[in-house]
Each structure stands twice: as structure tokens, then as C-alpha cells.
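Visitor: next comes the sequence, and after it the predicted model I'd like to discuss.
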Amino acid sequence: MREEFIELLRSTKREGIEEVIQFIEKTDFFKAPASTRFHGNYEGGLLEHSMKVYEILKQKVANSVVELEIGDDTLIIVALLHDICKVNFYKVDYRNAKNERGEWEKVPYYTVEDTIPYGHGEKSVMMLTEYMKLTSEEKYAIRWHMGFSEPKELYNTLGQALKKYPLALMLYEADLESTYLFDI
């Protein structure tokens, strides 16, 4: 899956994509979980989640009820990199839990260590633009991919963004579907 992920990114031939790949390879992206408890909370979950989001997003765009002019490069970039903010974000810690025999033992679990507290979607956009240019549509899609899990005070702004850029809505939906329908 790692090789497919890298090849998809390279296929965009986007200026700066090699720098993004080099950055990713120096992080824990390929081993990181997708979350601590909600979905993909296992080693490699972030990679698997990103690939599933791409698979779902491609189908959504291909079967959209509205006419869209979204290139493959954009689909690859927003789907595979929407959660780049999660690199070097999760750490393994240990806690006591009872095993099946009722005995206490130390068990590993993921915890958050946010060294760049810049939000979620906006953090992914910020990190990516250190290496490459994103189109406005890509920025909005990545920024708002969390949809209505954003604070309610942002719902008006979110709604405007989703209307202006339908890709943002589709990425949000693909992210939800990967999480809740596939637990990835």
C-alpha cells in the first residue's frame, strides 16, 4: 500500500510533490494510526484510511449529480494528504488494564502529542503549502474535510465553503464513509 500511495502522489507530477514525499518518508505517516479510538486506531491506520478516502472520493466524483471539473491530480492530493496533520501526532503510551484472566497488565494505547497546535484541516493545508502550491479548491477541501464536527460557530462559514467548492463536501463525505462504514 505504501508503494501505491507514493506512486499515486508521483503521478500528479505536481511541482513540490517530491518534497512532500520526502517529508512524509521522514515521519511516521506509514505507521501512524488514523485516530486514537474512532477509526483506524492501529499501526498503519493513517495510510489505510487515506487510501480508502481516495477510493471513495474517486467514485463520488465520477458519479456526482452535479457536473464537476476536478482533475485526477486534485483528487489524489486532497484524499491522500487531507490528514497529513496527523504525522508525528500520535504516541504510544501504556496503561493498566485487566486481561481475560482478570489480571492487571500494562497495555499500549495511542495518545496525542500535538507539537504544532494549529487545528486540523488548516494544519494540513499549512503543512502542505510549505512544499507545494495548492489550488483554492484543494485548500478549501482539505481545510473543511471535518465538516460538521467543526465547532458550531463555524457552521455558516463551513456552509459557504461547501457551496462554493462541492469537492469539500465530497471529501468530507468520503472521510465519514471511510470512518463509519469501513472503520478505517
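Guide: Perfect, I can see it now.
Visitor: now the helices for the chain?
Guide: Taking DSSP state H to define them, one finds helices in the chain at 2-11, 17-25, 45-62, 72-81, 121-128, 136-143, 155-164, 166-182.
Visitor: give the contact list for the most centrally placed residue in the chain.
Guide: Centroid-nearest residue in the chain, with Cα atoms, centre = their mean: Asp83, separated by 2.5 Å. By Cβ atoms under 8 Å, 6 or more residues apart in numbering, the contact set of Asp83 is 34, 46, 49-50, 124. To be clear about C-beta, it is placed using only N, CA and C from the backbone, and glycine gets the same treatment.
Visitor: what values do phi and psi take at it?
Guide: phi -110, psi 30 (degrees, to the nearest 10).
Visitor: how much space between it and Gly102?
Guide: 38 Å (Cβ to Cβ, to the nearest Å).
Visitor: ok, Ile56 next?
Guide: Ile56 is 41 Å from Gly102, where distance means Cβ to Cβ.
Visitor: check Lys52 too.
Guide: 37 Å.
Visitor: okay, those two: which has more neighbours?
Guide: It is Lys52, of Lys52 and Gly102, that has more neighbours when counted by other Cβ atoms under 10 Å, with 23 against 6.
Visitor: which residues touch the more buried one?
Guide: Residues counted as contacts of Lys52 (Cβ under 8 Å, 6+ apart) are 178, 182, 184.
Visitor: turn those into TSV, including neighbour count, pLDDT and distance to Ala168.
Guide: Formatted as TSV, the contacts of Lys52 follow (neighbours: other Cβ atoms under 10 Å; pLDDT from 0 to 100; distance: Cβ to Cβ, whole Å):
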residue	neighbour count	pLDDT	distance to Ala168
Ser178	25	96	16
Phe182	15	93	21
Ile184	20	87	21
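Visitor: closest to Arg2 out of those residues?
Guide: Of all these, the one with the least separation from Arg2 (Cβ to Cβ) is Ile184, at 15.5 Å.
Visitor: wait, isn't the closest one in contact with Phe38?
Guide: No. At 10.7 Å, Ile184 does not count as touching Phe38 under the criterion of Cβ atoms under 8 Å.
Visitor: please enumerate the shared neighbours of these two.
Guide: Residues within reach of Ile184 and of Phe38 at once, by Cβ under 8 Å, 6+ apart: there are none.
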